[in-house]
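Colleague: Need coordinates for the below:
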Amino acid sequence: MPQHSPQTSPSIFILGIDMGTSGIRGVIVEKNPHTLNDKIWHSESVLLSTQHIEPTIQQPSHWITLLNTLLTKLSQAIDLTKISNLIIDATSSSVLLCSTQGNALTNALMYNNQQAVQEALQIQQSEGFDPETPAQGASSTLAKAIFLLNQHQQKNIPPPPIICHQIDFLNHYLCGSLNITDENNALKLGYNAQSQQWPNWIKQLLAPIPLPKVVAPGTHLGNITTQLATQYGFSPSLKVHAGTTDSIAGFLASGASQTGDTVISLGSTLAIKMITSKPIFNKKYGIYSHKLKNNWLVGGASNSGGAVLLNAYSLLEIKYLIKSLDPLSASDLNITDRYYPLNSIGERFPISDIHFKPKMPIKPKQPLVFHASSPTELTALKTHQDYFLNLIKGLVHIESLAYNKLFQETQQPINHLYSVGGGEKNKLWQQCRKAHFTNQTTPYLTPQTTLKKAHSLEAAYGVTKLI
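Modeller: This is a model prediction of the structure:
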């Protein structure tokens, strides 16, 4: 029997679900029209079994198992009849082929799968190819879809299959919608967000495969299936809505909502997005745009990020070094252009150059010893502190370059600057950023620019903002 249920009020209750690569999370949000802030009423999460986690390929049936496990946990804790709307976000560029009944015909190639090298070349050589499209490269949805289609066609099984994003597969299970996707997920399959249509060169390239109907995130797709309503206690009138990608849901969770609001996410990579009034697509600098209601989400992702730190130190060592460097003087936090840390040659944004060489500080030769006491150990600790601090400064330098490049392309200064991702817990990174972005005058910063704490780090919460 449920432990508690939302009280009767003018509020509406929305279930937001975030499908990640290693698990799923559901958040029930109370949206009250009389208050500005939404309230997270309840949340649950389920991890994907380690035996089912593949780096670049997953079985879609495991997603359904995860989803059902999550809904079971929620139904045991909450009276789900109060939920009036449901919306999902999922990993971008994760794709499979489905039958015309919505059944999986292939495993899913995940967002980081890069085996479609020949297909990426085929895309670039196709007639009418748009060099500015985000639907290029071996990891693009388009390249992976062609890879799967080439394999499927060898089986000679009619009729033509349906290209299905991860989110589309889940939405079909929830409400029966089929061959419908959202604008954000469609972008890397070749959809033109500016003209809001499939370009002719994409239609010709994928013919006779039926391209999905594309709708705006938040669009009502259908009501929950009768089976799921009965099984979990949902109202039969529960509306299922088109969602978005996980990164955009994370952006929305921060609280960013106005033109000029910018979010940096420090995860394995540095990803930056800004709300603007016009779209920018510039392959030269690795910049592309997503449609976001009446605005655009412009940005890109660097190859630098948390992976650089984890390549140098364990998480335990990183925490120790951060603590050992506290406190720091203002002069210690000065950012220079000496360092551009990368784990390998090649960069995407704000510099787009496959031959770009990292600019790394000198790596210490002596091992790092926790709680150093001898002169030798103390000297080694100091070299590690300098090395680590310079890596952090390098990340902030890249962030600064990215904002400058976005300003050059959009002429939009930063309004509010939010940070999300694992870097939110890195006190040293935040100190360096605060010192750098509050003590300088640049075109992309104004006296009104403020550094703000993210309202939430939950993508499952962020996706509910689309309703």
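Colleague: Any buried residues in the longest helix anywhere in the chain, and which?
Modeller: Among the segments of the chain that qualify as a helix by DSSP state H, the longest is helix 375-410. Within helix 375-410, the residues scored as buried using 16 or more other Cβ atoms under 10 Å are 377, 380-381, 383-385, 387-403, 405-407, 409-410. Backbone N, C-alpha and C define where each C-beta goes, glycine included.
Colleague: Now do the same for the nearest residue in space to residue 145 that is not next to it in sequence: helix, strand or coil?
Modeller: With Cβ to Cβ, 6 or more residues apart in numbering as the criterion, residue 145 has its nearest non-adjacent residue at 4.9 Å, and that residue is residue 163. Three-state call for residue 163 (DSSP: H, G, I helix; E, B strand; the rest coil): strand.
Colleague: Please enumerate the strands of the stretch 1-150 of the chain.
Modeller: In the stretch 1-150 of the chain, the strands defined using DSSP state E, counting those that start in this stretch lie at 12-19, 23-31, 39-47, 57-58, 83-90, 95-98, 108-109.
Colleague: what mean pLDDT would you report for the first one?
Modeller: Average pLDDT, strand 12-19: 96.
Colleague: can you pull out the helices in the stretch 101-250 of the chain?
Modeller: 117-124, 141-153, 166-175, 183-186, 200-206, 226-232, 246-253 (DSSP state H, counting those that start in this stretch).
Colleague: Which elements pack onto the shortest one?
Modeller: Secondary-structure packing of helix 183-186 (3 or more Cβ pairs under 8 Å, 6 or more residues apart in numbering; DSSP states H and E): strand 213-215, strand 239-245, strand 288-292.
Colleague: How about the last one?
Modeller: Using 3+ Cβ pairs under 8 Å, 6+ apart as the contact test, the elements touching helix 246-253 are strand 12-19, strand 83-90, strand 262-266, strand 270-276, strand 416-420, helix 459-462.
Colleague: how many other residues sit next to residue 26?
Modeller: 23 (other Cβ atoms under 10 Å).
Colleague: and it, what are its bridge partners?
Modeller: residue 17, residue 44 (DSSP bridges).
Colleague: Now do the same for it: its pLDDT.
Modeller: 98.
Colleague: How about the one 5 residues further on?
Modeller: pLDDT, the model's per-residue confidence, is 91 for residue 31.
Colleague: Quick check, it in contact with residue 16.
Modeller: No - in this structure, residue 31 is not within contact of residue 16 by Cβ atoms under 8 Å, at 10.7 Å.
Colleague: Counting neighbours around each, name which of those two comes out higher.
Modeller: residue 16 (31 against 18).
Colleague: okay but that one is in contact with residue 87, surely?
Modeller: Yes - between residue 16 and residue 87 there is a contact under Cβ under 8 Å: 5.8 Å.
Colleague: any shared contact partners between these two?
Modeller: Residues within reach of residue 16 and of residue 87 at once, by Cβ atoms under 8 Å, 6 or more residues apart in numbering, are 463, 464.
Colleague: OK, contacts around residue 150?
Modeller: Residue 150 neighbours (Cβ under 8 Å, 6+ apart): residue 119.
Colleague: Next one: it from residue 435, what distance?
Modeller: Plainly put, residue 150 is 52 Å away from residue 435 if you go by Cβ to Cβ, to the nearest Å.
Colleague: Same check on residue 382?
Modeller: Taking Cβ to Cβ, one finds residue 382 at 21 Å from residue 435.
Colleague: likewise residue 292?
Modeller: With distances taken as Cβ to Cβ, residue 292 is found 31 Å from residue 435.
Colleague: In contact with residue 180, which residues?
Modeller: Taking Cβ under 8 Å, 6+ apart as the test, what residue 180 contacts is 168, 171, 212, 213, 214, 215, 221, 242.
Colleague: tilt between the longest helix of the chain and strand 262-266?
Modeller: 150 degrees (axes from the mean of the first three to the mean of the last three Cα atoms, to 10 degrees).
Colleague: can you give me the angle helix 375-410 makes with strand 270-276?
Modeller: Using the same axes, to 10 degrees: helix 375-410 against strand 270-276 is 30 degrees.
Colleague: In terms of neighbours, single out the busier of residue 292 and residue 435.
Modeller: Taking other Cβ under 10 Å, residue 292 and residue 435 do not tie; residue 292 has more neighbours (24 against 18).
Colleague: from memory that one sits against residue 247, does it?
Modeller: No - contact criterion Cβ under 8 Å: residue 292 and residue 247 do not qualify, at 11.9 Å.
Colleague: Need the per-residue pLDDT for the spatially closest residue to residue 335 that is not a sequence neighbour.
Modeller: Using Cβ to Cβ, 6+ apart and skipping the chain neighbours, the partner closest in space to residue 335 is residue 436 (4.7 Å). Note on residue 436: pLDDT of 94.
Colleague: Using the three-state scheme, assign residue 436.
Modeller: Reduced to three states by three-state DSSP, residue 436 is helix.
Colleague: distance of it from residue 132?
Modeller: 32 Å.
Colleague: Next: residue 145.
Modeller: Residue 145 is 20 Å from residue 132, by Cβ to Cβ.
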